[in-house]
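A.B. asks: No letters, just coordinates:
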C-alpha cells in the first residue's frame, strides 16, 4: 500500500493541526482515484486545503491550470517553493472566492458544512470532488433518504457518492472514515435560479411540517385544497403517505411548480434559507 507521509513543520499562526482540522490524506490509491475524477472534467482547478501537497502534486500532473489554497503559512510557503507551475495561495476557503470550473479537496471534517454551503451558493464552478466525513458524503448523496440540505440543492446540483475512505488513509488518523462525494452543476436547472430562496423556504416548510405523510404535510403547509394537493402528488408520481426524505429532484421540482406559490405565510420560528441550509 503506497503512502505519502506528512512532514513536520512549525506551528501555524492559525493554530496546530487540531485547531485547523488537518488530517492529511496519505493513501496513494485514494489520491489516484480522486485525481482520475478530476481528469474526467475540464477547465481550471481550485484545490481547497492543500496541506502537505499529496493531492496537489497528483493533480498538478494533469497539466491543468491549478490553484491551491492552504491556510497554514508554512505549508503554503513550502508548496510555493516546491511546486512550480502551481499557484499556491495562503487563504481561508471560507473567505476566498471559489472561482474555478473544478473544485477539489480533502475538506477539514469540522468545516464540511460551511464549505459546502459556500460551494452551493457560488456560481462559477461546474464540478466539485470532495473528500468529507463518510456520513456527510452519504447524506449529501441521498443514500438512505434525502436530507433537507440536499433537497434544497438538487434542482441545481447532482450528488454522487463514490467510495468510502478508511480512517487509516489519513495522518493523523481521524475518529471516523471519509467518503468521496462528487457534485455536478446541472446544465439545465429543474427550478429557475431566481426562485432559489423561495424554493428553499418551501422545502424547509415541508421537511419541518407536521403530518403522517406528504398529503397531510402539504395540506397544512400550503393553501391548496385537498384535491389540488392530491393532483400535485399524482402528477409528481409520489405516494401520498411518503415522507419528504423519499423525494427525488424531479419530484421536488414538480411539487414546487404546482404548490410552491400556495404556501402559507412563513411561521414565526422559520429562519432565513441561509441559516437553514447548513443544518441538515
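C.D. replies: All right, it came through fine. Bear in mind the structure is a predicted one, so any value in this text is a computation, not a measurement.
A.B. asks: contacts and neighbour counts: CA atoms only from here.
C.D. replies: OK.
A.B. asks: so what secondary structure elements neighbour the one helix or strand residue 137 maps to?
C.D. replies: Per DSSP states H and E: residue 137 is located in helix 134-140. On a contact count with 3 or more Cα pairs under 8 Å, 6 or more residues apart in numbering; DSSP states H and E, helix 134-140 meets helix 148-153, strand 157-165, strand 178-185.
A.B. asks: Surely residue 229 is within a helix?
C.D. replies: Yes - counting by DSSP: H, G, I helix; E, B strand; the rest coil, residue 229 is found in a helix.
A.B. asks: circling back to that earlier point, and the helix holding residue 137, what's its mean pLDDT?
C.D. replies: For helix 134-140, the mean pLDDT works out to 93.
A.B. asks: circling back: how about the helices and strands packed on helix 134-140, which one is nearest residue 84?
C.D. replies: strand 178-185 (27.6 Å; Cα to Cα).
A.B. asks: Give the buried residues for the helix or strand just after that closest one.
C.D. replies: For strand 178-185, the succeeding helix or strand toward the C-terminus, using DSSP H and E, is helix 196-208. Neighbour-count burial for helix 196-208, counted by 16 or more other Cα atoms under 10 Å, picks out 196, 199-207.
A.B. asks: before we move on, what about stretch 224-237?
C.D. replies: Buried residues in stretch 224-237, counted by 16+ other Cα under 10 Å: 224, 229-230, 232-233, 236.
A.B. asks: What of stretch 186-196?
C.D. replies: Across stretch 186-196, burial judged by 16+ other Cα under 10 Å covers 190-191, 196.
A.B. asks: Just the terminal-to-terminal distance for it.
C.D. replies: End-to-end distance for stretch 186-196, by Cα to Cα, to the nearest Å: 14 Å.
A.B. asks: try stretch 55-70
C.D. replies: End-to-end span of stretch 55-70 (Cα to Cα): 12 Å.
A.B. asks: now it: mean pLDDT?
C.D. replies: Mean pLDDT, computed over stretch 55-70, is 97.
A.B. asks: Residues contacting it, please?
C.D. replies: With contact meaning Cα atoms under 8 Å, 6 or more residues apart in numbering, stretch 55-70 is reached by 25, 31-32, 35, 38-39, 43-51, 76, 83, 86-93.
A.B. asks: Which among those residues count as buried?
C.D. replies: Among the contacts of stretch 55-70, those classed as buried by 16+ other Cα under 10 Å are 25, 31, 35, 38, 43-51, 76, 86, 88-91, 93.
A.B. asks: So the nearest residue to residue 128 once chain neighbours are set aside versus residue 146, what's the distance?
C.D. replies: The shortest distance from residue 128 to any non-neighbouring residue, by Cα to Cα, 6 or more residues apart in numbering, is to residue 103 (4.6 Å). Distance, residue 103 to residue 146, using Cα to Cα: 23 Å.
A.B. asks: Which one's more surrounded, those two?
C.D. replies: The neighbour comparison of residue 103 against residue 146 (other Cα atoms under 10 Å) goes to residue 103, with 26 against 23.
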